[in-house]
Structures are given as structure tokens and as C-alpha cells.
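*Asks:* just the structure for this:
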Amino acid sequence: WGLHAQSKWGVQRADYQLVAEDYRGSDWWNGLAWEPWSWVELSYGWRDRDRDYDHRLEVTPGGRPIEGTELSFAQVEEQAEISFQWEKWGRWSLGAGWSARENRDEASGFYDYDRSGWNGMIEWRSPQRDWECRVEWEDDDLDYLHQTVGAGLDPAARAQRDRWIRVELWRRINSRWEVQIEFEDLLSESNETDGSYRDQIVWVGFTFNS
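*Replies:* Residues are numbered from 1 along each chain as shown. Below you'll find the model as predicted:
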């Protein structure tokens with residue numbers, strides 16, 4: 001019936017040089033995809049992840065380390081996607097997705113946050129396969145449950161929003177030469193002081209096939 005299911009479990013060990021970020025963790029992922037017709041596919045995935053640090057300490061609600069403790073994170077992630085493909089004046093692909101992450105430090109809650117976001121993609125290839133255009137975008141919101149910024153009796157909760165877009169244009173000039181242009185724009189907005197920034201990148205490349 002066009003159904004696909006997958007489940008996998010793994011362990012991880014990370015050792016850093018000169019940085020007290022060593023940790024061990026486990027990861028359990030489950031996914032389900034359904035392709036009711038050849039031109040559409042729906043998928044859903046769920047992940048349960050644990051991370052235990054060797055040297056990082058738990059902290060108080062105000063962020064002060066607590067001696068004799070070991071920091072741990074528990075994360076639950078979800079993602080859902082839908083994609084379409086069809087042919088009319090070339091080949092088209094269209095996709096959209098949603099994702100979310102819940103991070104909990106299993107202690108004071110200082111590191112607890114919720115993240116949610118949307119993403120999309122559209123791609124077109126000409127009938128002669130000499131032109132190709134692809135646009136991708138993401139929009140993510142990150143909200144901390146207990147961390148705050150600023151001063152006063154009722155400071156604002158720490159929050160961040162990231163918006164990213166990428167545009168790629170490819171052109172085959174002849175049997176030997178191809179040209180490709182890419183543009184990326186990342187805008188990260190935070191209510192922390194000096195926490196916002198913007199990155200813009202342009203790539204231009206040529207390919208020669210002998």
C-alpha cells in the first residue's frame with residue numbers, strides 16, 4: 001500500500017580536546033512514510049535522545065553550577081513532511097515540512113527550551129535538462145522556558161528566531177561547460193544583547209567536462 005516504516009537505535013560517545021564537553025548518549029528514531037500515489041509522499045518521524053555529560057555540572061535556576069552533579073539532557077523531536085512531483089513544462093518538485101524539539105535538562109530547568117520550525121523547497125528542471133532552479137527556506141523559533149534576558153523584576157524570556165533561504169540556479173551551456181550560481185541568506189534575531197546577526201553568501205562556479 002505504499003507504506004514504509006523504519007526504526008533504529010544507536011549510542012554515541014564524544015571526546016573533545018581541551019574542552020569539557022565530553023558526553024555519552026543514546027538515540028532512538030522511528031519513521032513512517034506513505035506514498036499513496038507516485039506523485040505524492042507523506043512522512044512522519046519521532047526521535048528520543050538522551051545525553052549525559054562527563055564534566056558539565058547541573059545549575060541552579062539562576063545558572064550557578066552545582067558541585068557533585070552531572071548535567072543530562074533529554075530531547076524529544078518530531079518532524080512531518082509532504083512532497084509532490086509532477087511534469088509540466090519540465091519536472092517539478094515541491095516539499096514542505098514541520099519539525100519540533102523539546103529539550104529538558106532533568107534538573108532546575110535552566111537549559112529547558114522548545115524549538116519549532118517550518119521548511120519548504122521547490123525545484124524545477126527544464127524539459128531539455130539544461131536549466132535547473134531550486135529554492136529552499138527554513139523558519140525556526142527557539143524559546144527558553146526559564147532563562148531570561150535583561151534586568152528588572154520581570155525580565156523577558158530568552159528567545160531566538162532564525163530565517164534562512166537558499167536559491168540555486170544551474171545552466172548547462174553546452175556539452176562541456178556548466179555554470180552555477182547560489183545565494184544564501186541567514187537572519188538570526190535574538191532578544192539577547194549583541195545576539196542577532198545576518199550572513200549573506202554568493203557562490204559562482206563553472207564546471208568543465210573534458
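*Asks:* what is the longest strand along the chain packed up against?
*Replies:* Identified as the longest strand of the chain according to DSSP state E is strand 131-149. Packed against strand 131-149 by the contact rule (3 or more CB pairs under 8 Å, 6 or more residues apart in numbering; DSSP states H and E) you find strand 113-125, strand 156-172. Heads up, the C-betas are built off the backbone N, CA and C, glycines and all.
*Asks:* reformat the ones you listed as CSV; add distance to H55 and mean pLDDT.
*Replies:* Listed next are the helices and strands packed on strand 131-149 as CSV, based on distance: least, CB to CB, whole Å; pLDDT from 0 to 100:
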stretch, distance to H55, mean pLDDT
strand 113-125, 22, 97
strand 156-172, 24, 96
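*Asks:* what's next to stretch 82-92, contact-wise?
*Replies:* 38-43, 93-97, 122-127, 131 (CB atoms under 8 Å, 6 or more residues apart in numbering).
*Asks:* ok, now stretch 19-29?
*Replies:* With CB under 8 Å, 6+ apart, stretch 19-29 has contacts from 6-16, 45-56.
*Asks:* quick one: contacts for the residue lying closest to R198 once chain neighbours are set aside?
*Replies:* Sequence neighbours aside, L187 is the residue nearest to R198 in space, at 4.9 Å (criterion: CB to CB, 6 or more residues apart in numbering). L187 makes contact with D162, R163, W164, R198, according to CB under 8 Å, 6+ apart.
*Asks:* A33 against H4, yeah?
*Replies:* Yes: A33 is within contact range of H4, at 4.4 Å (criterion: CB atoms under 8 Å).
*Asks:* those two: which has the busier surroundings?
*Replies:* A33 (16 against 11; other CB atoms under 10 Å).
*Asks:* quick check: bridge partners of the more buried one?
*Replies:* H4, S43 (DSSP bridges).
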